[in-house]
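J.: my questions concern the predicted model and sequence given below.
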Amino acid sequence: MYPDSSNETHHQRAIEFLARESQAPVSEVAQLYEEARAKLEVGARIRSFVGIFALRNVRKALRQRRPAKPKAT
């Protein structure tokens, strides 16, 4: 999946962070993250930033899934 173990560790930490932040299951976040990362890598000329953009895209997707909080009156 990853060329070396340091990349794998970095991506795994990002997945775990997103799961805690969104209170979503790690498996769900991992799937979203890997899908986002794979899509971004297809056209990427500089691959060192793919993880950052994948993190941002997954965070956005998870926020959109969350029900809206009612506004305080």
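T.: Structure's in. What do you need?
J.: from here on, contacts and neighbour counts on C-alpha atoms
T.: Will do.
J.: next, the buried residues of stretch 35-44.
T.: 36-37, 40-41 (16 or more other Cα atoms under 10 Å).
J.: and which of these is nearest to Gln64?
T.: Proximity of the buried residues of stretch 35-44 to Gln64 (Cα to Cα) peaks at Ala36, which lies at 15.3 Å.
J.: how about the helix or strand of the chain with the lowest mean pLDDT: buried residues?
T.: Sorted by mean pLDDT, DSSP states H and E, the helices and strands of the chain end with helix 5-22, the least confident at a mean of 87. By 16+ other Cα under 10 Å, the buried positions in helix 5-22 come out as 11, 14-16, 18-19, 22.
J.: contacting residues for Ala44?
T.: Shown in contact with Ala44 (Cα atoms under 8 Å, 6 or more residues apart in numbering): Val50.
J.: sticking with the closest residue to His11 other than its chain neighbours, tell me its helix or strand.
T.: Counting by Cα to Cα, 6 or more residues apart in numbering, His11 lies nearest to Gly51, which is 7.0 Å off, once chain neighbours are set aside. Assigned by DSSP states H and E, Gly51 belongs to helix 50-65.
J.: would you mark the buried spots in that helix?
T.: 50-51, 54-55, 57-59, 62.
J.: could you do stretch 22-36 as well?
T.: Applying 16+ other Cα under 10 Å to stretch 22-36 flags 22, 26, 29-30, 32-34, 36 as buried.
J.: let me have the buried residues of helix 50-65 in CSV, extended by pLDDT and distance to Asn7.
T.: Output for those, formatted as CSV (pLDDT from 0 to 100; distance: Cα to Cα, whole Å):
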residue, pLDDT, distance to Asn7
Val50, 89, 11
Gly51, 89, 9
Ala54, 93, 14
Leu55, 93, 14
Asn57, 95, 19
Val58, 95, 18
Arg59, 94, 20
Leu62, 92, 23
